[in-house]
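*Asks:* my questions are about this predicted structure, shown below with the sequence.
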Amino acid sequence: MSADKIITAARKEGRSLLTEVEAKEILADAGIPVVSTVLARTRREAVSVAKNIGFPVVLKVASSQVVHKSDVGGVKLDLRNASQVEAAYRDIVSSIHARVPKARVDGVSVQQMARPGIEVIIGMSKDPQFGPVMMFGLGGILVELLKDVSFRIVPLTKRDAAEMVREVKGYPLLEGYRGREGVDVNFLEDLIVKISAFVDKTPDIKELDLNPVIAYKNGAVVADARIILEG
């Protein structure tokens with residue numbers, strides 16, 4: 001489904017927060033690499049999807065009213081068989097009902113467990129004066145702990161993206177540090193430019209948070225995505 005259709009459907013439902021499945025569908029449609037994610041509305045369906053995708057898998061709560069899934073027990077990682085998927089589905093739904101009782105739970109998103117790499121964050125927020133502003137930094141919990149990020153105003157050129165990547169203090173990790181394998185920095189730069197062009201032509205998006213984007217020696221993939229719409 002195209003971005004326009006997904007955004008229109010969300011607005012008709014009075015939602016500003018897209019689900020992860022919706023966000024990734026929009027990103028994939030724009031040519032941005034994402035970890036394939038499927039919505040499962042029941043435990044049985046979650047098991048079926050997991051078997052089809054292949055173990056190990058990740059389950060996350062699918063709700064447009066839950067912003068930070070991990071904080072409320074809405075994420076289960078590295079599930080390696082059907083029994084673990086069933087238990088994880090039950091635990092996620094129970095946790096959300098207990099901790100966010102007013103949230104509507106559509107089910108869970110099921111995705112393959114991405115192989116390890118270096119986690120980075122790519123985001124966008126709108127400044128009242130400058131408009132859309134892109135952010136890049138180390139991902140996962142490090143972005144909150146170290147606040148090691150750089151910013152540029154949209155639209156970005158390849159030169160802007162290269163400067164952003166090299167401005168963060170953690171850049172040596174991307175090149176390869178103390179024997180650890182580096183990542184494809186050129187791919188990351190191209191990805192930042194592509195995301196900049198995407199948000200520039202999609203003014204309905206108020207905030208974009210891709211965290212983590214897992215970077216590898218060859219390429220990178222968006223493992224989690226959050227999109228908030230204007231108004």
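*Replies:* The structure has been received and is ready for your questions. For clarity, every value in this text was computed on a predicted model and none was experimentally measured. Residues are numbered from 1 along each chain as shown.
*Asks:* report the residue ranges of every domain in the chain.
*Replies:* 36-113, 118-229 (automatic domain parsing).
*Asks:* and of those domains, who's closest to residue 25?
*Replies:* domain 36-113 (8.4 Å; Cβ to Cβ). Bear in mind the C-beta positions are built from the backbone N, C-alpha and C, glycine included.
*Asks:* and the closest one, what's its mean pLDDT?
*Replies:* In this model, domain 36-113 has a mean pLDDT of 96.
*Asks:* quick one, helices of the chain?
*Replies:* With DSSP state H, the ranges of helices along the chain come out as 3-12, 20-29, 43-53, 82-99, 142-146, 158-167, 171-175, 185-200.
*Asks:* what residues are bridge-paired with residue 207?
*Replies:* Beta-bridge pairing of residue 207 under DSSP bridges involves residue 125, residue 228.
*Asks:* of the domains of the chain, which is nearest residue 29?
*Replies:* From the domains of the chain, taking Cβ to Cβ, the stretch that ends up closest is domain 118-229, at 9.5 Å.
*Asks:* is residue 66 in contact with residue 72, as I believe?
*Replies:* Yes. Counting by Cβ atoms under 8 Å, residue 66 does reach residue 72; the two are 6.3 Å apart.
*Asks:* more crowded one of the two?
*Replies:* residue 66 (21 against 18; other Cβ atoms under 10 Å).
*Asks:* how near is the residue lying closest to residue 200 once chain neighbours are set aside to residue 139?
*Replies:* Leaving out its chain neighbours, the residue that sits closest to residue 200 by Cβ to Cβ, 6 or more residues apart in numbering is residue 155, at 4.7 Å. Separation of residue 155 from residue 139 (Cβ to Cβ, to the nearest Å): 23 Å.
*Asks:* neighbour count winner among the two?
*Replies:* residue 139 (22 against 14).
*Asks:* residue contacts, that one?
*Replies:* Residues near residue 139 by Cβ atoms under 8 Å, 6 or more residues apart in numbering: 119-121, 211-213.
*Asks:* and what of residue 47?
*Replies:* Neighbour list for residue 47: 82, 85-86 [criterion: Cβ under 8 Å, 6+ apart].
*Asks:* now the buried members of those residues.
*Replies:* Among the contacts of residue 47, those classed as buried by 16 or more other Cβ atoms under 10 Å are 82, 85-86.
*Asks:* turn these into a markdown table, columns for distance to residue 40.
*Replies:* Below are those laid out as a markdown table (distance: Cβ to Cβ, whole Å):
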| residue | distance to residue 40 |
| --- | --- |
| 82 | 12 |
| 85 | 9 |
| 86 | 11 |
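*Asks:* looking at those residues, which is nearest residue 109?
*Replies:* The closest of those, once distances to residue 109 are taken by Cβ to Cβ, is residue 85, at 12.4 Å.
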